[in-house]
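In: quick check, what structure comes out for this input:
(chains A, B and C)
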Amino acid sequence: RIMRPDDANIAGNVHGGTILKMIEEAGAIISTRHCNSQAEEPCVAALARVERTDFLSPMCIGEVANVSAEITYTSRHSVEVQVNVMSENILTGAKKLTNKATLWYVPLSLKNVNKVLEVPPIQYTRKEQEDEGKKRYEEQKLDRLETKQRNGDVILPVINPEPHTVGYSQSSLIHLVGPSDCTLLGFVHGGVTMKLMDEVAGIVAARHCKTNIVTASVDAINFHEKIKKGCVITISGRMTFTSNKSMEIEVFVDADPFLDEPRERYRAVSAFFTYVSLSKEGKPLPVPQLLTETEEEKRRFEEGKGRYLQTKAKRQAQMQQAAQ
Amino acid sequence: RIMRPDDANIAGNVHGGTILKMIEEAGAIISTRHCNSQAEEPCVAALARVERTDFLSPMCIGEVANVSAEITYTSRHSVEVQVNVMSENILTGAKKLTNKATLWYVPLSLKNVNKVLEVPPIQYTRKEQEDEGKKRYEEQKLDRLETKQRNGDVILPVINPEPHTVGYSQSSLIHLVGPSDCTLLGFVHGGVTMKLMDEVAGIVAARHCKTNIVTASVDAINFHEKIKKGCVITISGRMTFTSNKSMEIEVFVDADPFLDEPRERYRAVSAFFTYVSLSKEGKPLPVPQLLTETEEEKRRFEEGKGRYLQTKAKRQAQMQQAAQ
Amino acid sequence: RIMRPDDANIAGNVHGGTILKMIEEAGAIISTRHCNSQAEEPCVAALARVERTDFLSPMCIGEVANVSAEITYTSRHSVEVQVNVMSENILTGAKKLTNKATLWYVPLSLKNVNKVLEVPPIQYTRKEQEDEGKKRYEEQKLDRLETKQRNGDVILPVINPEPHTVGYSQSSLIHLVGPSDCTLLGFVHGGVTMKLMDEVAGIVAARHCKTNIVTASVDAINFHEKIKKGCVITISGRMTFTSNKSMEIEVFVDADPFLDEPRERYRAVSAFFTYVSLSKEGKPLPVPQLLTETEEEKRRFEEGKGRYLQTKAKRQAQMQQAAQ
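Out: Reported below is the predicted structural model:
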């Protein structure tokens, strides 16, 4: 579809969140269709995880987004979907790869939302495809366990913070979950949650560097807990790390099912977003360094640095591989 | 994309206007892409006309709309696009043709909005394709001239109208044209206008028969005049004809460019929508007869009857042809 | 227009904010049109103030909102508009007055946004109309000055608050002002701000009483400062008072124009919203009493009680007058 002013910031760059939402919708359609193809009972595919994704080039208002999706692996209870987004300038005909994403879905019964159904197996053209898929499946399973343990953290408010401190740019947003945010099962679409997360992360980044910012990448996101219609969700973001030209922001989503009396507020999702700052000509700008004050902030900064260096090393390895 | 509660009425049927908007977007993308493929200068394809289209089966919340578009004819300054919409129930896998539409676009220069550019010719696989396209082109050109003359009419308000009269159900809606309604040229998307027209026609139909109603067909719509960002548009609808099981509603779009001093309010578009009334099980219900009071109303009723009988005859001829 | 699921809460009641937004759009259209009718230069009417408005009956999904607007007074630089909203159940034909609102607009030049233009005078049918309008004009002018002084207050966060305290339900929301939130001048529509304010107030009310809640009334709102495209706005709400069956929530809007370096964050708007809690049958429910802890909270509670009693007395006087 054509990107509209609504989908973009005032510099005309489409929000990463809008693209994440389109990706998730494409993934949900293809995996729901697959899981119902041999189903004993009707089901809806629910997003369980999105792998790390890089935004390779910014998309602009007036461009057309081409989204294509393919099922690349199935385990007994989950589906792996690869989604590619191309941006097309229909005036010049130029096409660019905007991003590639890998998503994991789980089929939930329409009759009993807590029942996970079996996934019909796909056919692989080569044995290696299945083996590689299985490897990716095991890896993501491990990673999901890890983040589940990290999820207790809370963002505390700061009074009169100094510029460039963590407290200065941290932000949060509340949203009442309405019917049009939800799937047929009455739970929030993963894509809606990711769009709100990107919105908060973008505001944190803009407050920190006071320039035009765009999403550069999103780390793997795990959806541990479903969020029901009627919940109030709080999406909070804080900066954890800055390199010379990038900012890492941690985002939490907490759901408060206040209408269901016995249920407590709980952490539904958390993720790391990386942003870069762009000049009017679209060139990356230097980013002011994050000032860390508490021990906790220093620790998180070091962890962020670790993730940054690891990603950088991985990318260099890939480029060398590609050059060979 | 997946149809959401927002796209549908309270009975879960997707608004005809939502479908018209998707069709127009697909048509605008493919024709803008084509017209820029060999362009001397960048241009945007503007909707000039939509041929009569029938809604063959209602689409529901949770279904996926598959839209495909193809260029079928090019004249020197216009492009004919055929768009098909399939609805797919991703739970059962069932697919149905929802509607087929034919749209005409004209390429306008991005630098000078009043300049119509030349269209690169397409290749036809058979000579007959070109001849048939040319025939359709000539026919629509004639029809556009005719409707231009009909466009002077105004809807006057009626005080304390009786049920089932024209005055009882007539309705109007105003809308301030904002940036997200507009193309790169700063003019309203044809699809946005059609969606608002369907909204008003739907209110007229629901007021008349007080049941769940759905769009059955839309007569050819000609876009004589562009509508600019910042205009106030008034969309008015009145019932013109009822058969046993259908209602015809005439819709006018008037634009008031109040910021551009010398320009008067003008008629931008007009069209006829046909609605049917559905029971809870989705079966067509009888429609209360329209009570005509003035000479004008009686005349319009007879004209509507003429269109109705003509369409009916055409459909029967097609069915006989198909049966042979 | 027809009320959709998006416009309503999960119980199907249309958000007061949606109605406020429609009212403001109607007011902006009629006053912009009037101010341009004899203009030396093109202008856009900007919302300066909304008088107190009561929501007389809740509107539901599927109903049609009829909005009508009329200019009732003009001073040299401002326009008073009366807007009526009727809800119509198109299935039964039943119509109800939802609310009446009075709005004040000021014409700003399209060429120079800081220039307030002169308003063409309207014709009054009776001399008293002009005198009464002038009285209303003077009264609102006084009130605007007063609220300007009250505007320094800040909502501080509270850690681990007890249920039914002020800190427990207080909420805030951030929003990045995008192109589609803005008028042609690049400033946020008053209606967009009011919709966000109602959203926050509604979440505060729902958190306090954990039931379905609806907007009962909104006190006069003054728009002291324009909010520019690209700002981050923070909308914060806290409960100030509860009676047996109503809650009063104070809402602040702060704008952070972080892209315009020298400008500090500033208070743009503040207002009081009153909410009631409804049972599933739509009857008002008792509201848990607000627990006040600090001196400030107790003072605000007393002030809220004052406003509550004053409104109640005014309404009783009107009812007696109407009964005579």
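
In: so which elements touch the host helix or strand of A:Ala46?
Out: Element membership of A:Ala46, judged by DSSP states H and E, is strand A:43-50. If contacts are counted by 3 or more Cβ pairs under 8 Å, 6 or more residues apart in numbering or on different chains; DSSP states H and E, strand A:43-50 sits against helix A:16-35, strand A:95-109, helix A:127-150, helix A:190-209, strand A:221-223. Just so you know, the C-beta spots here come from the backbone N, C-alpha and C atoms, and that holds for glycine as well.

In: need the CA coordinates for the helix or strand hosting A:Gln82. PDB is fine.
Out: Here A:Gln82 is covered by strand A:79-88, with elements defined by DSSP H and E. C-alpha atoms of strand A:79-88 as PDB (Å, rounded to 0.1, in the frame of the first residue of the first chain):
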ATOM      1  CA  VAL A  79       5.400 -21.800  12.400                       C
ATOM      2  CA  GLU A  80       8.400 -19.800  11.200                       C
ATOM      3  CA  VAL A  81       7.600 -17.100   8.600                       C
ATOM      4  CA  GLN A  82      10.000 -15.000   6.600                       C
ATOM      5  CA  VAL A  83       8.700 -11.600   5.500                       C
ATOM      6  CA  ASN A  84      10.400  -9.300   3.100                       C
ATOM      7  CA  VAL A  85       9.500  -5.600   2.700                       C
ATOM      8  CA  MET A  86      10.500  -3.800  -0.500                       C
ATOM      9  CA  SER A  87       9.900  -0.100  -0.900                       C
ATOM     10  CA  GLU A  88       9.100   1.000  -4.400                       C
END
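
In: what angle sits between it and helix A:16-35?
Out: Relative orientation of strand A:79-88 and helix A:16-35, computed by axes from the mean of the first three to the mean of the last three Cα atoms, to 10 degrees: 130 degrees.

In: pull up the pairing partners for strand A:79-88, direction included.
Out: Applying DSSP bridges to the sheet, strand A:79-88 is found paired with strand A:64-74 (antiparallel), strand A:95-109 (antiparallel).

In: using CSV, please lay out those together with mean pLDDT.
Out: Conversion of the strands paired with strand A:79-88 to CSV gives the following (pLDDT from 0 to 100):
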stretch, mean pLDDT
strand A:64-74, 93
strand A:95-109, 93
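
In: want to try JSON lines for those, with mean neighbour count as columns?
Out: Below are those laid out as JSON lines (neighbours: other Cβ atoms under 10 Å in any protein chain shown):
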{"stretch": "strand A:64-74", "mean neighbour count": "18"}
{"stretch": "strand A:95-109", "mean neighbour count": "21"}
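
In: helices or strands up against the longest helix anywhere in chain A?
Out: Criterion DSSP state H: the longest helix present in chain A is helix A:295-323. Helix A:295-323 sits against strand A:232-242, strand A:247-256, with contacts defined as 3+ Cβ pairs under 8 Å, 6+ apart.

In: repeat that with 6 Å
Out: Secondary-structure packing of helix A:295-323 (3 or more Cβ pairs under 6 Å, 6 or more residues apart in numbering or on different chains; DSSP states H and E): strand A:232-242.

In: I'd like to check the angle between the strand it packs on and strand A:247-256, please.
Out: Going by the same axes, to 10 degrees, strand A:232-242 makes 160 degrees with strand A:247-256.

In: before we move on, back to that, between the strand holding A:Gln82 and helix A:127-150, how many degrees?
Out: 90 degrees.

In: how far away from the center of its chain is strand A:79-88?
Out: Here the centre of strand A:79-88 is set off from its chain's centre by 14 Å, with Cα atoms, centre = their mean, to the nearest Å.

In: any idea of the mean pLDDT in it?
Out: Mean per-residue pLDDT for strand A:79-88: 95.

In: hang on, the earlier thing: angle of the longest helix of chain A against strand A:232-242?
Out: Using the same axes, to 10 degrees, helix A:295-323 lies at 70 degrees relative to strand A:232-242.

In: one step back: now the strand holding A:Ala46: buried residues?
Out: For strand A:43-50, burial by neighbour count (16 or more other Cβ atoms under 10 Å in any protein chain shown) applies to A:43-50.

In: can you give me the mean pLDDT across that strand?
Out: Strand A:43-50 carries an average pLDDT of 93.

In: so what strands line up beside it?
Out: Strand pairing for strand A:43-50, determined by DSSP bridges: strand A:95-109 (antiparallel), strand A:221-223 (antiparallel).

In: the first one vs helix A:190-209, what angle?
Out: Okay, so that is strand A:95-109. Between strand A:95-109 and helix A:190-209, the angle comes out at 130 degrees (the same axes, to 10 degrees).

In: the residue of chain A found nearest chain C and chain B, how far apart?
Out: Here chain A gets closest to chain C at one residue, A:Pro157, 3.7 Å apart by Cβ to the nearest Cβ. Separation of A:Pro157 from chain B (Cβ to the nearest Cβ, to the nearest Å): 34 Å.

In: now swap in A:Ile29 and tell me
Out: Counting by Cβ to the nearest Cβ - A:Ile29 and chain B are separated by 5 Å.

In: that residue against B:Val64, yeah?
Out: Yes. With contact defined as Cβ atoms under 6 Å, A:Ile29 reaches B:Val64; the gap is 5.4 Å.

In: which positions in the stretch 1-150 of chain A make contact with chain C?
Out: Within reach of chain C by Cβ under 6 Å from any Cβ of the partner chain, the stretch 1-150 of chain A has these residues: A:5-6, A:10.
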